[in-house]
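**Student:** Provide a 3D model corresponding to the input given below.
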Amino acid sequence: MRLLQLLRRESSISPWFVAFISCVSGISNALILTIINAATKDSSQESNVGYLFLFMIVIGIHLISQRYMLVKTVREVETIIHKIRLRIVNKICNAELLSLEQIGRSEIYASVEKEMQTISSASMAMGMMCQSAILILFVLAYIAWMSFIALVLFVVLSTIAVGFYWFRMNELKKDIHASMTLENELFDALTHLLDGFKEVKMSEMRSAELSNYIGNISTAVVDVKGNVTTQISIINVFAQTSFYFLTAAMVFMLPRFSPTYSDIVIKIAAGVLFLAGPITNLIGSVQIYAIANVAAENIETLVAALDRHIRPASRRRSRPLVFRKAPFGDITFEHVVFEFVGMEGNVSFRLGPIDLTILSGETIFITGGNGSGKSTFLRLLTCLYFPTQGVIRLDGQPLSEANTGAYRNLFSVIFYDYHLFDRLYGLPDVDMQHVEELLERLQLKDKTSLVDKKFTTLDLSSGQKRRLALLVNYLEDKPICVFDEWAAEQDPDFRRYFYTNILEELKVKGKTVIVVTHDERYYDMDYVDRILKLEEGQLVPYP
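**Tutor:** Residues are numbered from 1 along each chain as shown. Here you go, the predicted model:
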């Protein structure tokens with residue numbers, strides 16, 4: 001019952017108030033049946049007018065209470081989803097990169113988007129479920145008032161049907177979980193297809209195997225989800241057929257127990273048939289609830305996973321850094337080691353130990369082959385990863401999770417797999433004249449522009465996108481600039497301009513510049529202070 005627990009924990013509405021409105025709606029609905037049956041028994045014209053008046057009042061109360069209940073339920077569920085979504089986003093912001101990599105993007109996307117959409121879609125069904133349940137109780141009370149034996153017969157047969165229904169739904173719960181898991185895997189595979197489309201097109205074998213893999217997952221989704229849908233359809237057919245058996249029981253079995261059957265047959269049959277709609281709604285709502293309940297379990301699983309990886313509040317409490325001079329003096333690596341640990345606990349890659357000091361205002365080139373540890377080093381330098389062993393210091397102060405916020409604010413980074421935002425988040429004041437000058441300088445004037453802090457288009461080439469990221473770098477104007485293979489996708493002229501003008505200009509401004517590059521022809525530029533080389537996770541002498 002994770003969904004009910006989730007809603008009860010997050011809701012600002014009293015469950016007693018919900019029960020009261022549901023009762024009003026259910027009682028008014030049940031009174032409609034009572035008034036109709038009473039009107040059929042008393043056929044006088046004067047009584048019919050009175051019953052019509054009562055009918056109009058009761059149906060008005062029913063419509064108002066039902067509308068209020070549904071609107072209130074939908075809005076409250078949407079508010080709850082909004083709070084949970086913001087809470088998850090906050091947890092993600094407080095998590096670290098390695099933690100999110102371990103959880104996986106597909107699980108996060110699924111919970112934030114698909115699972116919450118499932119709960120949102122179920123909000124109206126849950127409101128109908130409450131009303132239908134209340135209505136069924138009052139109609140059963142009405143049947144009991146007419147014939148206790150009819151009630152017993154109805155309850156016995158209904159219990160058998162409901163028992164079978166719950167037994168089958170519990171059996172399907174694992175399949176519902178499996179179908180959602182497979183859909184997440186399918187989403188993940190499709191993400192790889194789109195993100196790696198260029199790489200896919202460059203290898204027919206890769207394309208064929210990825211396509212086959214997606215096909216296999218999709219087939220599994222069809223099999224599992226098809227089985228769930230089929231079984232639910234069978235259960236629905238059984239539920240509908242059960243009404244015919246209930247009606248037949250009233251017609252064929254009740255006379256054996258009640259000598260006054262002929263006086264109440266029409267009323268009881270009407271009561272049983274009147275229950276067909278509410279029970280059908282209840283069954284359909286329970287099915288939707290079962291799926292929404294699985295979605296709630298998945299959301300809570302994600303929240304629990306984030307909580308396991310999130311930094312405790314005491315460690316996240318921001319602590320200031322004290323600088324020897326503006327903007328800082330030095331960054332020091334003392335015996336720093338970082339290890340990637342696999343699922344089985346084995347170390348898949350090790351960087352270090354590294355002993356290194358980076359002085360403010362230095363321009364450092366970093367080189368090394370693929371897999372040598374360059375990207376891992378940058379993540380350590382920017383404190384996106386924390387050392388497994390050793391310590392990183394800024395002006396002698398050890399960096400921890402409490403002061404990394406202030407430390408990271410020193411950096412403006414363009415990673416190799418950077419993400420280009422369409423808006424200038426975190427830049428409250430933007431000099432539009434400076435933006436226009438940068439667009440002109442970076443040869444982007446006719447490609448895009450900035451309107452209300454949003455770029456008019458990001459439909460640019462890879463090189464142009466990197467230049468736009470460089471524009472943001474200029475606007476941030478931070479003391480440390482990190483470029484991870486920035487020039488790799490630039491044309492020869494702009495690549496030359498980057499190395500001979502932009503980097504030298506940053507040096508003159510006093511920026512500390514870290515450049516990961518393989519462009520050896522520019523290693524001897526006058527502004528380059530040092531060249532660091534990484535091999536198999538170790539710093540080695542260059543050349």
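**Student:** where do the helices sit along the stretch 351-500 of the chain?
**Tutor:** Listed in chain order, the helices of the stretch 351-500 of the chain (DSSP state H, counting those that start in this stretch) span 374-381, 404-408, 432-441, 462-476, 492-497.
**Student:** Return the set of buried residues in the second one.
**Tutor:** What it means is helix 404-408. Going by neighbour count (16 or more other C-beta atoms under 10 Å), the buried part of helix 404-408 is 404, 407. Heads up, the C-betas are built off the backbone N, CA and C, glycines and all.
**Student:** what's the answer for the third one, then?
**Tutor:** Using 16+ other C-beta under 10 Å as the test for burial, helix 432-441 gives 435, 438-439, 441.
**Student:** Adding distance to residue 64 as columns, could you present those residues in JSON lines?
**Tutor:** Output for the buried residues of helix 432-441, formatted as JSON lines (distance: C-beta to C-beta, whole Å):
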{"residue": "435", "distance to residue 64": "56"}
{"residue": "438", "distance to residue 64": "61"}
{"residue": "439", "distance to residue 64": "59"}
{"residue": "441", "distance to residue 64": "65"}
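**Student:** about what we covered before: figure out which of the helices of the stretch 351-500 of the chain is closest to residue 205.
**Tutor:** helix 462-476 (24.8 Å; C-beta to C-beta).
**Student:** And the contacts of that closest one?
**Tutor:** Helix 462-476 is contacted by residues 412, 414, 418, 420-421, 424, 426-427, 430, 434-435, 438-439, 442-444, 447-448, 455, 458, 460, 481, 486, 489-491, 494, 502 when judged by C-beta atoms under 8 Å, 6 or more residues apart in numbering.
**Student:** Inside strands: which ones of the residues you listed?
**Tutor:** In strands, judged by DSSP state E, the following of these are found: 412, 414, 455, 481.
**Student:** which residues does residue 178 contact?
**Tutor:** Counted by C-beta under 8 Å, 6+ apart, residue 178 has contacts residue 224.
**Student:** count of neighbours near residue 288?
**Tutor:** By other C-beta atoms under 10 Å, 20 other residues sit near residue 288.
**Student:** from memory it sits against residue 120, does it?
**Tutor:** No. The pair residue 288 and residue 120 does not pass the contact test of C-beta atoms under 8 Å, sitting 11.4 Å apart.
**Student:** hey, what's in contact with both of these two?
**Tutor:** Shared contacts of residue 288 and residue 120, defined by C-beta under 8 Å, 6+ apart, are absent.
**Student:** A strand includes residue 333, no?
**Tutor:** Yes. Counting by DSSP: H, G, I helix; E, B strand; the rest coil, residue 333 is located in a strand.
**Student:** For it, list each beta-bridge partner.
**Tutor:** residue 356, residue 392 (DSSP bridges).
**Student:** so it makes contact with residue 354?
**Tutor:** Yes. Between residue 333 and residue 354 there is a contact at 4.7 Å, judged by C-beta under 8 Å.
**Student:** what touches both of those two?
**Tutor:** residue 390.
**Student:** Roughly how far does residue 371 sit from residue 388?
**Tutor:** The spacing between residue 371 and residue 388, counted by C-beta to C-beta, to the nearest Å, is 18 Å.
**Student:** quick one, which of those two is more surrounded?
**Tutor:** More neighbours surround residue 388 than the other of residue 371 and residue 388, with 16 against 13 (other C-beta under 10 Å).
**Student:** The stretch 151-300 of the chain: helices as residue ranges?
**Tutor:** 197-201, 204-252, 261-274, 276-309.
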